[in-house]
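**Student:** Need the 3D shape of this:
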Amino acid sequence: MTTQTLSEKKEWQFDADHSEMGFKVKHMMIANVSGTFENINVHVKTLGDDFSTAEISFTADINSINTGSAKRDEHLKSADFFDAENHPVLSFQSTSMERIDHENYHLKGHFKIRDIEHPVTLRAEFGGIAKDPWGNEKVGFSITGKINRTDWGLNWNAALEAGGVLVGEEIKLHAEIQLSSPA
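**Tutor:** Here you go, the predicted model:
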């Protein structure tokens with residue numbers, strides 16, 4: 001068996017038109033508010049089609065945040081939360097992609113927000129590999145996870161009159177990622 005070097009790895013192309021990255025957070029402790037990052041980029045290298053060998057990184061432009069409310073989006077970009085003026089990008093760099101079974105992986109790596117970096121483990125569900133109508137090889141993943149926003153200095157909150165807080169600390173992450181094999 002021959003060992004492939006980094007330069008021999010397959011570099012998958014990110015398909016932004018068929019991918020999305022979002023989040024959910026509790027509002028007033030009774031309902032979820034959802035948002036997305038409209039401008040994301042993903043880089044993936046593997047040894048062949050073996051995603052347990054994947055090197056994965058992604059970035060999201062903080063200024064592309066969209067929760068459906070311009071006022072809320074501006075607040076999230078402010079120093080109370082992401083501080084987009086000083087920290088315009090959040091990022092993730094994988095350290096391993098551990099296969100759990102045929103469809104599921106634990107994607108481990110470092111998540112960086114506001115220049116604060118912490119290890120995280122995300123769940124990656126492999127959707128499969130298929131050829132599109134033009135003969136291009138495509139692969140899809142659904143990625144989910146949870147983080148505590150205060151670990152990254154996203155501490156702003158307001159107390160509610162009846163008890164509790166306005167914004168939950170737990171953030172549910174979700175992404176649908178589609179990649180194309182290089183030509």
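
**Student:** what's the spacing between Lys138 and Lys131?
**Tutor:** The spacing between Lys138 and Lys131, counted by C-beta to C-beta, to the nearest Å, is 7 Å. No exception for glycine: its C-beta is placed from N, CA and C like everyone else's.

**Student:** Looking at the two, which is more packed in?
**Tutor:** Each of Lys138 and Lys131 has its neighbours counted (other C-beta atoms under 10 Å); Lys138 has more, 18 against 10.

**Student:** Name the residues of the helix or strand harbouring the more buried one that come out as buried.
**Tutor:** Using DSSP states H and E, Lys138 maps to strand 137-148. For strand 137-148, burial by neighbour count (16 or more other C-beta atoms under 10 Å) applies to Lys138, Val139, Gly140, Phe141, Ile143, Gly145, Ile147.

**Student:** same deal with stretch 171-180?
**Tutor:** Buried, per 16+ other C-beta under 10 Å, within stretch 171-180: Ile171, Lys172, Leu173, His174, Ala175, Ile177, Gln178, Leu179.

**Student:** Please state the offset of that stretch from the chain centre?
**Tutor:** 6 Å (C-alpha atoms, centre = their mean, to the nearest Å).

**Student:** what's the answer for stretch 80-100, then?
**Tutor:** 7 Å.

**Student:** and if you look at stretch 171-183?
**Tutor:** 8 Å.

**Student:** Then stretch 136-149?
**Tutor:** 7 Å.

**Student:** for it, what is the average pLDDT?
**Tutor:** In this model, stretch 136-149 has an average pLDDT of 95.

**Student:** then that stretch to CSV, C-alphas only?
**Tutor:** Extracted in CSV, the C-alpha atoms of stretch 136-149 (Å, rounded to 0.1, in the frame of the first residue of the first chain):
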residue,chain,number,x,y,z
ASN,A,136,-19.7,16.1,-12.1
GLU,A,137,-19.1,14.1,-8.9
LYS,A,138,-20.8,15.7,-5.9
VAL,A,139,-20.8,14.9,-2.2
GLY,A,140,-23.0,16.2,0.6
PHE,A,141,-22.8,16.5,4.4
SER,A,142,-25.2,17.7,7.1
ILE,A,143,-23.3,19.1,10.0
THR,A,144,-24.8,19.8,13.5
GLY,A,145,-23.5,20.8,16.9
LYS,A,146,-23.9,22.9,19.9
ILE,A,147,-21.7,25.5,21.5
ASN,A,148,-22.1,27.9,24.5
ARG,A,149,-21.8,31.4,23.1
